[in-house]
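*Asks:* The sequence isn't on hand, but the structure is:
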Ligand SMILES: Cc1cc2ncn([C@H]3O[C@H](COP(=O)(O)O)[C@@H](O)[C@H]3O)c2cc1C
Ligand SMILES: O=C(O)c1cccnc1
């Protein structure tokens with residue numbers, strides 16, 4: 001099953017017309033700031049002067065991680081399945097925000113270590129999420145393996161997950177969705193994300209490892225040590241000698257960041273300068289990834305292939321996007337970054353991807369929560385482009401000041 005997508009770069013053909021349309025609106029030139037570049041970007045992605053957001057949808061991919069048994073999260077693995085139930089019964093943060101903004105919310109069991117009762121029809125008297133119409137069964141396995149001792153998944157599982165993510169996006173596209181976001185749920189997945197970013201974005205490990213669900217300094221050091229051990233074990237991916245020679249201790253890196261000090265070396269310089277990476281993205285994904293992360297990779301790629309506007313969430317979602325980007329760089333042209341997370345490494349990763357996030361709210365949740373919160377801004381960008389009066393419409397002389 002080859003990973004094969006055709007992602008066309010976004011056509012710049014309408015750029016001048018879109019810019020002229022924006023500039024004719026009743027406002028000083030450029031006064032809507034980032035909303036203007038957002039409107040331009042959406043117009044280009046949809047290749048129209050009158051973009052619309054049709055059936056905006058959030059897919060939340062959930063999966064469990066074998067590495068959790070090594071003590072890298074503040075929460076136990078069972079929380080992943082419990083949160084799936086919470087998503088479905090409408091009580092999670094993302095349930096609330098998706099409802100607030102009329103976003104279609106679908107939960108994908110990519111590899112949760114639990115059996116969910118079976119899909120439709122809902123048997124009489126079954127529990128809240130049993131047979132829930134918003135739960136999609138795409139389980140690859142009941143969690144990944146512990147990557148301290150073996151690859152998280154086989155390459156065949158990795159490819160199946162990518163294909164499945166792509167298939168789910170294709171289904172949404174077929175029913176008219178042209179704006180999609182991807183969230184995740186998986187206890188332990190900031191560990192996977194940290195290793196993906198370290199291996200693929202040429203960032204020091206200490207800058208990629210964060211507190212996740214809320215580790216204290218001691219637990220953070222333990223997480224770093226476990227991940228370093230995993231890198232040493234899989235050293236065929238990135239030989240130790242090719243790794244960054246000047247690692248700042250992880251706890252120090254965190255405290256320095258909190259004091260707004262610069263952690264050296266600069267993150268992602270290699271990628272910015274055209275660093276091609278030593279490791280192969282698919283190998284890194286299979287070795288350290290999660291089923292939910294691999295499914296997101298396929299989802300990003302299919303969305304870009306289909307010309308769908310992609311909304312990007314926090315650290316884990318961006319790490320999955322990094323894998324997709326290393327496979328097909330043009331995927332980035334379809335992406336709008338909703339926020340910068342407070343998870344260590346996200347800011348640097350965004351800088352590496354040359355991304356300008358819409359919000360900075362110190363979120364560290366995932367679930368697609370940043371996407372839902374940024375969604376009104378995306379709506380505003382489209383609405384001003386379509387509905388704001390021009391100087392001519394409003395009879396205002398735009399030349400008075402010149
Ligand atoms: C109750 C709860 C709800 C969450 N929703 C998202 N996450 C987030 O935290 C997890 C990653 O952090 P770590 O790598 O430290 O485990 C992921 O599930 C992510 O989606 C949650 C975590 C918890 C505990
Ligand atoms: O940025 C994120 O997506 C994030 C950060 C911490 C924990 N879970 C998710």
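*Replies:* Received it, and whenever you're ready, just let me know what you need. Keep in mind the model is a prediction, meaning the values are calculated, not measured. Numbers count the residues shown, from 1 in each chain. Ligands and ions are numbered 1, 2, ... in the order given.

*Asks:* show me the contacts for residue 68.
*Replies:* With contact set as C-beta atoms under 8 Å, 6 or more residues apart in numbering, residue 68 has these partners: 76-77, 187-188. In short, each C-beta sits where N, CA and C put it, glycine included.

*Asks:* Filter those residues down to the buried ones and hand me the PyMOL line.
*Replies:* Filtering the contacts of residue 68 down to the buried ones (16 or more other C-beta atoms under 10 Å) takes a single PyMOL command:
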select buried, resi 77+187+188
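
*Asks:* how many other residues sit next to the spatially closest residue to residue 43 that is not a sequence neighbour?
*Replies:* In space, and not counting its chain neighbours, residue 43 is closest to residue 18: 4.4 Å by C-beta to C-beta, 6 or more residues apart in numbering. By other C-beta atoms under 10 Å, the residues close to residue 18 number 22.

*Asks:* Close to ligand 1: what parts of the stretch 151-300 of the chain are there?
*Replies:* 184-191, 212-213 (C-beta under 6 Å from any ligand atom).

*Asks:* Most widely separated two among those?
*Replies:* The widest separation within these, taken as C-beta to C-beta, falls between 185 and 191 and amounts to 14.6 Å.

*Asks:* which SSE is the residue nearest to residue 43 in?
*Replies:* Element membership of residue 18, judged by DSSP states H and E, is helix 15-23.

*Asks:* Which element, helix or strand, includes the residue in the stretch 101-250 of the chain that ligand 2 sits nearest to?
*Replies:* For the stretch 101-250 of the chain and ligand 2, the shortest gap (C-beta to the nearest ligand atom) falls at residue 212, measuring 4.9 Å. Under the criterion DSSP H and E, no helix or strand holds residue 212.

*Asks:* Can you tell me how far it is from residue 188?
*Replies:* 8 Å (C-beta to C-beta, to the nearest Å).

*Asks:* Then residue 3?
*Replies:* In terms of C-beta to C-beta, residue 3 sits 25 Å off from residue 188.

*Asks:* for the residues of the stretch 151-300 of the chain next to ligand 1, which one is nearest residue 107?
*Replies:* residue 185 (8.1 Å).

*Asks:* And for that closest one, the neighbour number?
*Replies:* Residue 185 has 30 neighbours, counted by other C-beta under 10 Å.

*Asks:* Could you do residue 82 as well?
*Replies:* 13.

*Asks:* Going along the chain, name the strands of this protein.
*Replies:* For the chain, the strands defined by DSSP state E occupy 57-63, 104-111, 135-137, 179-185, 309-312, 335-337.

*Asks:* which secondary structure elements does the last one contact?
*Replies:* Using 3 or more C-beta pairs under 8 Å, 6 or more residues apart in numbering; DSSP states H and E, the elements in contact with strand 335-337 are helix 33-46, strand 309-312.

*Asks:* Nearest to ligand 2: which residue in the chain?
*Replies:* For the chain, C-beta to the nearest ligand atom, closest residue to ligand 2: residue 314, 2.4 Å.
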